[in-house]
Each structure stands twice: as C-alpha cells, then as structure tokens.
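In: Structure, please.
(chains A and B)
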Amino acid sequence: MIGVGRAKHNLNVVDSPLGKGKSEVSLSAFAFLFSELVQYNQGKVENIAELEEAGFGVGIQILELLCHREKANRRETRVLGILSFVHSTVADSLEKGTEHEDEYMISEKELLVNKFVSVPASMGGFNCGTFVAGIVKGVLDGAGFPASVTAHFVAVEGQTRSRTTILVKFAEEVVQRDAPLA
Amino acid sequence: MSSTACFVIVSRNDSPIYESEVGTAPKKDEAAHLHQFILHASLDIVQDVVWNTNNMFLKVVDKFNDLLVSVYVTAGHTRLMLLHDSRNEDGIKNFFQEVHELYIKMLLNPLYVPGSRISSPFFDTRVRALARKYL
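Out: Predicted coordinates:
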C-alpha cells in the first residue's frame, strides 16, 4: 500500500495529493523497465499488438492526468487541438498527410524508447516506437477521436539512425464531425 | 433542508462505473429506479452538447419535472452526472472538480481497468463526504 510506512499521513491513495509530478525521472530506470517490457512481449506470438495495447492503457491515464495538471479543466473538441496536445508532449514535428484527408504524421529524430534499442535484421520491421504509437492511440481514443496509429522508420540521408514517424489515420466519423466546425 | 441527489459516473463506453444516492432526503425504493432512468435518458443530450464547448462543466443539461441534471465531462469523456433539485451551481461545480481528482487517482492505479466498476469503499466514503460538504 502506498505510504504505509508513514502511518500517520497518507494511508490511502485517495488521501494523497495528486501533485504536480516530478519534472525529471531517471532515464536508466525507464530504459530498464522498457527493455523488460519488450522482452516480456517477445515470448508471445504477436509482439507488436501487445506492446501497442500496453501503450494504449498508458495513453488513457496520461490524457486525464495531463489535462488536469496543465489545462485546468478544458477539453479538446477539435482534431487540430488534440493533435497539438499530443505533439507538445511527444515529438519534434507535426505534418498533414498529402494523399488522404484524415492522415497526420508526428515525427521525431531520436525517439526516447528507441534510443537504447537495436533491432537485429532477423526481426525486420519490429519497431519499439509501437509503444509510443499505442500511447498516442490511447490519448486520441480517450478524447473521442478514434484513429489507427502506427510507427514507421523513415531513412534520412546523412544520419546513421533513421527518424521515427508516427502515422495517425482518423476514423470516418471524426472527419465528418470535424468538417463543419472548420 | 432535505434534497434529493443521485450521482452517477458513466464511462466513455456508456457503462456505469459508480452510482450512489447522495441526497439528504429519506430513501424511497421507486425513486432510485426513476433517478437512474432520468440520468440515462439525458446521456443523449450530453452527447450533442459535449462537442460544442471546451469546458468540462456543462451545467444543467436536462430537466425532469422539478429535478435538474448537471453534467461534468472529463478529458477522457467520462461523464460525472448529478440529478438534483437544488440550484447551487457553484457548490455542484466544486463537488464535480473534487470527484474528478478522486477519479484520476483511481485511474492511476495500473491494476484498474478503465471502464470497469469502482468498488473501493474509500472512494465511496470520500464521495459521500464531499457531497455532504458541497451539496
């Protein structure tokens, strides 16, 4: 139980203050935890799906928590609004897809989760950025914008490691609902 | 001063997560069913209103006889709905904000599946205490 050592205060999680959170957490602790998560998933058949689902759960929690801490009780009702919210927490750049109306791309040069990961050639297209894609999917889905989200490597000349791009494709209903508001 | 008040938390998949009667009026069996019915009927109205505004507190969205339905929507589209007969808007808003914080704390539990029922007695006690304080 949380705080059971300090018996006088904070006997239960609902009594502890929600707080502003720590601005810094240990990178190595996170890297260790994430590598364990990936290894745990490798025992199962569908690696990618499980990793994404783990991210999905995190996304739902993080949406509520961040909105509460940072935006003081205002929600997002527009596609662009929720995308900027995601972009400010995750990545470098946000772009709109050219082929289809409902596709957007968020990309980052060196995704934190991929920093300490090297993928052997035998595993082909496995990308640990799927975890981040799962988080994004959780945030979008939780806010009422169902979308399919995938992570891709994009090779860039002049750099050894490629950029990671997260492709967001919104569902039909979101486009229809958002169009008259634009 | 006795007041009726029925409080329900509905997840974004429209399944109830938590419900309780928090008013000070004496309990009547038929009234409980009626209260739940009124709250579920007003879910449709909430669906429409929710996309028109950025606010979380939606004030009064529906009225039935002399009972009012006030709704507060969280970022994850979890609806906190209160059926009441008083008109204490500030008190209701503060009540919703405090319950919202409680809900976030429950959500932070990694073993809690979002959308499942909240059965913690601590949560229940705190909600009732908040209701006595603000309503």
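In: distance between the helix ranked longest in chain A and the chain's centre?
Out: Scanning chain A for the helix with the most residues, using DSSP state H, yields helix A:47-70. Offset of helix A:47-70 from its chain centre (C-alpha atoms, centre = their mean, to the nearest Å): 6 Å.
In: Against residue B:17, how distant is the nearest residue to residue A:37 once chain neighbours are set aside?
Out: With sequence-adjacent residues excluded and distances taken as C-beta to C-beta, 6 or more residues apart in numbering or on different chains, residue A:37 is closest to residue A:54, at 6.6 Å. C-betas here are computed from N, CA, C, even on glycine. Computed as C-beta to C-beta, to the nearest Å, the residue A:54 to residue B:17 distance reads 22 Å.
In: hey, where'd the helices end up in chain B?
Out: All helices of chain B, identified by DSSP H, fall at B:29-41, B:43-49, B:89-107, B:121-134.
In: okay, and for chain A, where does confidence drop off?
Out: For chain A, the stretches with pLDDT under 70 are A:1-14, A:19-20, A:43-47, A:119-126, A:157-162, A:182.
In: go with 80
Out: The model of chain A has pLDDT under 80 over residues A:1-24, A:41-49, A:70-74, A:89-92, A:98-101, A:109-129, A:153-163, A:180-182.
In: mind listing the helices for it?
Out: Under DSSP H, chain A gives helices at A:27-42, A:47-70, A:79-90, A:129-142, A:172-178.
In: which residues touch residue B:17?
Out: Counting by C-beta atoms under 8 Å, 6 or more residues apart in numbering or on different chains, residue B:17 touches B:9-11, B:78, B:115-118.
In: Same list, the residues you listed, but only the ones touching chain A.
Out: Residues shared between the contacts of residue B:17 and the neighbourhood of chain A are residue B:78 [C-beta under 8 Å from any C-beta of the partner chain].
In: In terms of pLDDT, where does residue B:88 sit?
Out: For residue B:88, the pLDDT comes out at 84.
In: That one against residue B:95, yeah?
Out: No: if you go by C-beta atoms under 8 Å, residue B:88 and residue B:95 don't touch, sitting 9.2 Å apart.
In: Centroid-nearest residue for the chain?
Out: Unless you meant another one, I'm taking chain A. Closest to where the C-alpha atoms of chain A average out (C-alpha atoms, centre = their mean) is residue A:135, at 2.8 Å.
In: hmm, I had chain B in mind actually
Out: Centroid-nearest residue in chain B, with C-alpha atoms, centre = their mean: residue B:81, separated by 2.9 Å.
In: residues near residue B:127, how many?
Out: Neighbour count for residue B:127, taken as other C-beta atoms under 10 Å in any protein chain shown: 22.
In: How about the contacts made by the nearest residue to residue A:131 once chain neighbours are set aside?
Out: Take residue A:131 and drop its neighbours on the chain: the residue closest to it by C-beta to C-beta, 6+ apart is residue A:55, 4.5 Å away. Contact partners of residue A:55, counting by C-beta under 8 Å, 6+ apart, are A:130-138.
In: Can you give me the buried ones in stretch A:164-172?
Out: Neighbour-count burial for stretch A:164-172, counted by 16 or more other C-beta atoms under 10 Å in any protein chain shown, picks out A:164-168, A:170.
In: follow-up on the earlier one: tell me, how many neighbours does the residue nearest to residue A:37 end up with?
Out: Using other C-beta under 10 Å, residue A:54 has 19 neighbouring residues.
In: what do you get for the one 5 residues further on?
Out: Using other C-beta under 10 Å, residue A:59 has 25 neighbouring residues.
In: how long is stretch A:93-103 from one end to the other?
Out: Taking C-alpha to C-alpha, to the nearest Å, the first and last residues of stretch A:93-103 lie 14 Å apart.
In: Just the buried positions in it, please.
Out: Neighbour counts using 16+ other C-beta under 10 Å place A:94, A:102-103 of stretch A:93-103 among the buried residues.
In: which of these come close to chain B?
Out: Answer for the buried residues of stretch A:93-103 near chain B: none qualify (C-beta under 8 Å from any C-beta).
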